[in-house]
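Enquirer: Sequence and predicted structure, then a few things I'm wondering about:
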Amino acid sequence: MRFFLGCLLSAVLASLFTIWMTQGPVDGVLTAQDRRTRIESPVERVRPSTSRIYDEDGFSPEEAISVAVYEAVNRSVVNITAKSVKTERLLLTEHSEGTGSGAIIDHEGHILTNYHVVTGAREINVTLYDGTSYTATMIGADPLNDLAVIQIENIEGELFPVQFGDSRVLRVGMRVFALGNPFGLERTLTTGIISSLNRSLQIHGNWKIKSIIQIDAAINPGSSGGPLLDSHGRLIGINTAIATTSGQSSGVGFAIPVSLISRVVPQLLKNGRVIRPESGIDKVYQTEKGLLIAEMRPNGPAERAGLRGPKITKTRRGPFTLNREDRSAADLIVAIDDQKVVTADDFLGYIEGKQPGDGVMLTIVREGRRITIPLKLGTPESVERAE
């Protein structure tokens, strides 16, 4: 009898449990399944993660960086208008006006820009972020590297100099910000990445600027002379040129690196010009083991010293001539005056710290052997005469 009552009670309880599970919770009590469903609801699942993406102002991390860079540096950017007068035949004169950008570099009113923005100008006007305008005077210029320093005086109000960065930490893929005045639109911000490093750009005659930064941030007429910035708002270059067939940005822009600027600007402030030595090495391939010579100036200091570049062989196939480059024949520079060189900036920085006529000792690897070659530095002018 007891056994029969026990079985009956178990059957009744099982039926009640089945009905309860089928009809849902009673009196607001949630089942474990209901709790899991509520916790894992798509709306509830997305909302917490989405809220963590944006800051208190509603900006994503990338937006917050862009806003912070602009707000920190836009007051350091100026609009430059250069007016010139060109005399034509019959004593007729033609007035022309060009615009560009610049960056304030100190509290004394010195402004860094491109040489081509102010070259030939009879009058230079500078407009600050607050709309005030000043007449500027030329302090110094380096046409070979397309850099110039101008100065405004009798300034009313505070100036906001840009902070200099370091070219040695730059890497392809780093995010960059270009500030300038394209088409006269003041303090315009464009963004992109570093597309390549250690480019060469021919600006003046046969002179090539080395270690140029290639970027994909939009640069247009009027952007020249504006600062290129890293994500901390530090100046890492001066925007100088674009590769284009239409005169407008095609996603390939170039900036003069801050390492070169840091070497040139002190000389412009002190002497008004740059007195530089020349090694005769126009281009190198940067490798993990050192700098492989890629191109030398004919009859320049490096070639006269006996340094070797790639071996070029010409093969004629019908009406065509094919050039083949054997880089294994080129010398690998590993040190200068017993100081190890890893980057092109290391080499250029050391050379430009010398004077024309000075001698340096290059340690190279040639055909697997480590040898030392003396190199007497010249000047760009002497190299051009030799050509």
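Expert: That came through, no problem.
Enquirer: Going by secondary structure, residue 154 is in what exactly?
Expert: Residue 154 belongs to no helix or strand when assigned by DSSP states H and E.
Enquirer: actually residue 106, sorry about that
Expert: Counting by DSSP H and E, residue 106 is found in no helix or strand.
Enquirer: now it, nearest residue through space, not along the chain?
Expert: Counting by CB to CB, 6 or more residues apart in numbering, residue 161 is the residue found nearest to residue 106 once chain neighbours are left out, at 5.3 Å. Where you see a C-beta, it was placed from the backbone N, CA and C, and this is true even at glycine.
Enquirer: so who does the one you found touch?
Expert: Contacts of residue 161 were listed using CB atoms under 8 Å, 6 or more residues apart in numbering, and they are 76, 104, 105, 106, 107.
Enquirer: Below-threshold pLDDT in this structure: ranges please.
Expert: Residue ranges of the chain with pLDDT under 70: 1-52, 54-55, 85-97, 184, 202-208, 242-251, 380-387.
Enquirer: State which strand of it is the longest.
Expert: strand 188-204 (DSSP state E).
Enquirer: how many neighbours does residue 174 have?
Expert: Per other CB atoms under 10 Å, the neighbour tally for residue 174 reads 16.
Enquirer: my guess is it contacts residue 229, does it?
Expert: No - the criterion here is CB atoms under 8 Å, and residue 174 misses it with residue 229 at 11.0 Å.
Enquirer: wait, is the residue nearest to residue 106 part of a strand?
Expert: No - applying DSSP: H, G, I helix; E, B strand; the rest coil, one finds residue 161 to be coil, outside a strand.
Enquirer: Quick check: phi and psi on it?
Expert: The phi and psi values for residue 161, taken as degrees, to the nearest 10, are phi -70, psi 150.
Enquirer: Quick check: the gap between it and residue 170.
Expert: Counting by CB to CB, to the nearest Å, the gap from residue 161 to residue 170 is 21 Å.
Enquirer: Then residue 236?
Expert: In terms of CB to CB, residue 236 sits 6 Å off from residue 170.
Enquirer: Look up the residues that both of these two are in contact with.
Expert: Going by CB under 8 Å, 6+ apart, residues that sit against residue 236 and also against residue 170 are 213, 257.
Enquirer: neighbour count winner among those two?
Expert: Taking neighbours as other CB under 10 Å, residue 236 and residue 170 compare with residue 236 leading, 25 against 22.
Enquirer: wait, is the more buried one part of a helix?
Expert: No - looking at residue 236 with three-state DSSP, it is strand, so not inside a helix.
Enquirer: Which residue, neighbours along the chain excluded, lies closest to it?
Expert: residue 165 (4.4 Å).
Enquirer: Now do the contacts for the one you found.
Expert: Counted by CB under 8 Å, 6+ apart, residue 165 has contacts 229, 230, 232, 234, 235, 236, 258.
Enquirer: Looking at the residues you listed, which one is closest to residue 215?
Expert: residue 236 (10.0 Å; CB to CB).
Enquirer: how about that closest one, what does it touch?
Expert: 165, 166, 167, 170, 176, 213, 228, 229, 230, 255, 257, 258.
Enquirer: among these, who's most crowded?
Expert: Most crowded among the contacts of residue 236, counting by other CB under 10 Å, is residue 228 at 31 neighbours.
Enquirer: Report the secondary structure state of the closest residue to residue 140 other than its chain neighbours.
Expert: Of all residues not flanking residue 140 in the chain, residue 268 sits nearest, at 3.1 Å (CB to CB, 6+ apart). Recorded secondary structure, residue 268: helix (three-state DSSP).
Enquirer: quick one: contacts for residue 268?
Expert: Residue 268 touches 139, 140, 141, 142, 147, 148, 149, 274, counting by CB under 8 Å, 6+ apart.
Enquirer: and the contacts of residue 165 as a markdown table, adding distance to residue 120?
Expert: Output for these, formatted as a markdown table (distance: CB to CB, whole Å):
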| residue | distance to residue 120 |
| --- | --- |
| 229 | 29 |
| 230 | 33 |
| 232 | 36 |
| 234 | 32 |
| 235 | 26 |
| 236 | 29 |
| 258 | 27 |
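Enquirer: what's the closest of those to residue 81?
Expert: residue 235 (22.2 Å).
Enquirer: That closest one bridge partners, please.
Expert: Per DSSP bridges, the residues bridged to residue 235 are residue 164, residue 229.
Enquirer: That one: neighbour count?
Expert: Other residues within reach of residue 235 by the criterion other CB under 10 Å amount to 24.
Enquirer: Pull the contacting residues for it.
Expert: Counting by CB under 8 Å, 6+ apart, residue 235 touches 103, 162, 163, 164, 165, 227, 228, 229, 258, 261.
Enquirer: my read: the first one touches residue 79, true?
Expert: It stands for residue 103. No - counting by CB under 8 Å, no contact exists between residue 103 and residue 79, whose distance comes to 11.6 Å.
Enquirer: Once you drop chain neighbours, what's closest to residue 215?
Expert: Nearest residue to residue 215, sequence neighbours excluded (CB to CB, 6+ apart): residue 253, at 4.9 Å.
Enquirer: what do you get for residue 105?
Expert: Excluding its sequence neighbours, the residue lying closest to residue 105 (CB to CB, 6+ apart) is residue 112, at 5.1 Å.
Enquirer: can I assume the one you found sits in a strand?
Expert: Yes - residue state for residue 112 (three-state DSSP) corresponds to a strand.
Enquirer: wouldn't it be in contact with residue 264 here?
Expert: No - using CB under 8 Å, residue 112 is not in contact with residue 264; the gap is 9.4 Å.
Enquirer: Tell me how far the residue lying closest to residue 326 once chain neighbours are set aside lies from residue 72.
Expert: Distances taken as CB to CB, 6+ apart put residue 311 closest to residue 326, at 4.2 Å, once the chain neighbours are dropped. According to CB to CB, residue 311 and residue 72 sit 50 Å apart.
Enquirer: who's more crowded, those two?
Expert: When residue 311 and residue 72 are compared on other CB under 10 Å, the one with more neighbours turns out to be residue 72, at 16 against 12.
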